[in-house]
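J.: Fold the following.
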Amino acid sequence: MSAWTHIGQLPPAFYLQTSAAVLPCALLFIHTTMKRLILTALILCAPVIHSANPKLAPADIVGKSITALGAVEIRAQLKYQELTGTATMRSMSTGGLNGGTAVLVSEGRMVKFATKFGQKGEYPGDQFVFDGNKVMVSNITPGRHSSLGEFFWWQQTVLREGLFGGVLSTAWPLYDLAARKAELSYDGTTKVDGRDAHQIVYRPKKSDGALSIRLLFDAETFRHVKTIYDVRVPANLDVQAVRSEREQNSVYRLEETFSEFRQVNGLTLPTKHKLTYSVDASSTQNWVWEITYNDLNGVSLAAVAP
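T.: Next up, the predicted model:
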């Protein structure tokens, strides 16, 4: 598709758990001495907690997450996805921007994400593209990426590997792990919005090790609810080897959070997509984008029941 070759030539649409089973305690009264009676009661009254979901293998979690999306025959038809919606952005330096638009388009392993804000100012929006061969990132001024754009340009694995957008993208690597040849490992549980979630560490086949990727899945529904990307710049790294914006002893983190799932076209997909990008160096910088998708391939998501 020649339309994927350059950003300027893209189609118009591109612009814009586990509950614990607690066994009841039992008091065994031994009619001997009072001392033995009390001791026995204290021991036997302690609750015994069994996990209904012991540690799962990564393959189990991935399989359950894919099943949670929808029927096999429907998933097999996932060739093209186009989501459009509204966007807001908040930052420590520029304040807040409202009234923006967002689009996430994917076909096979190609993916495009764009935000656009009509207000005049320092931040007009971003465009990130992987055309199946190379990554392209728009400038907000000549020769200058936004802070988020700089991260995508620096860490191109996020787009090349199909991770960005999660199950909203046809490029999602968990759809075809065998072809990706990525390494997965289980990393325990954590909380996402107050709910238990399984963590899986995702290591791409080609990686320099600088980028840490964690995929989080709801422990009850197994829906993919979050991805965390971390990059640490060590103190002994020559600062000339990285772009001027980056500092030594810095941690760069991008989080994607997915919520408000709805069933559309036989698939259960999130309609809320939140991006949080932070830089932890001598001072903390933080940017937050909140996107509400209201249309998927021409189907209104607002009219679809949760």
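J.: Show me where the stretch 51-200 of the chain dips below the pLDDT cut-off.
T.: In the prediction, the stretch 51-200 of the chain carries residues with pLDDT under 70 at positions 51-55, 93-94, 119-120.
J.: what about the helices in it?
T.: Secondary structure of the stretch 51-200 of the chain by DSSP state H, counting those that start in this stretch: the helices cover 58-69, 72-75, 147-154, 157-160, 177-180.
J.: Show me what the third one is packed against.
T.: Okay, so that is helix 147-154. Counting contacts by 3 or more C-beta pairs under 8 Å, 6 or more residues apart in numbering; DSSP states H and E, helix 147-154 is packed against strand 135-137, strand 250-264, strand 267-280, strand 284-296. No exception for glycine: its C-beta is placed from N, CA and C like everyone else's.
J.: can you check the longest one too?
T.: The contact analysis (3+ C-beta pairs under 8 Å, 6+ apart) places helix 58-69 against strand 183-192, strand 195-203, strand 211-218, strand 267-280.
J.: same thing but at 10 Å, please
T.: Taking 3 or more C-beta pairs under 10 Å, 6 or more residues apart in numbering; DSSP states H and E as the contact definition, the neighbouring helices and strands of helix 58-69 are helix 72-75, helix 177-180, strand 183-192, strand 195-203, strand 211-218, strand 224-233, strand 250-264, strand 267-280.
J.: returning to what we had before: in a markdown table, list the helices and strands packed on helix 147-154 along with mean neighbour count.
T.: Compiled in a markdown table, these are given as follows (neighbours: other C-beta atoms under 10 Å):
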| stretch | mean neighbour count |
| --- | --- |
| strand 135-137 | 19 |
| strand 250-264 | 18 |
| strand 267-280 | 19 |
| strand 284-296 | 18 |
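J.: Those: which one's closest to Gly63?
T.: Closest to Gly63 of the helices and strands packed on helix 147-154, according to C-beta to C-beta: strand 267-280, at 15.5 Å.
J.: I'd like the helices and strands packed on helix 147-154 written out as CSV, with distance to Leu148 added.
T.: Written out in CSV, the entries for those read as follows (distance: least, C-beta to C-beta, whole Å):
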stretch, distance to Leu148
strand 135-137, 9
strand 250-264, 8
strand 267-280, 5
strand 284-296, 6
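J.: Can you tell me which of those is nearest to Ala179?
T.: Ranking these by proximity to Ala179 (C-beta to C-beta) places strand 135-137 first, at 19.3 Å.
J.: how many neighbours does the closest residue to Met110 other than its chain neighbours have?
T.: When the adjacent residues along the chain are set aside, Met110 lies closest to Gly132, with 4.8 Å between them (C-beta to C-beta, 6 or more residues apart in numbering). Counted with other C-beta atoms under 10 Å, the neighbours of Gly132 add up to 14.
J.: Quick check: Gly132 touching Thr170?
T.: No: the criterion here is C-beta atoms under 10 Å, and Gly132 misses it with Thr170 at 11.7 Å.
J.: State the distance from the residue nearest the centre of the chain to Leu216.
T.: In the chain, the C-alpha nearest the mean C-alpha coordinate belongs to Thr227, at 2.8 Å (C-alpha atoms, centre = their mean). Here Thr227 is placed at a distance of 7 Å from Leu216 (C-beta to C-beta, to the nearest Å).
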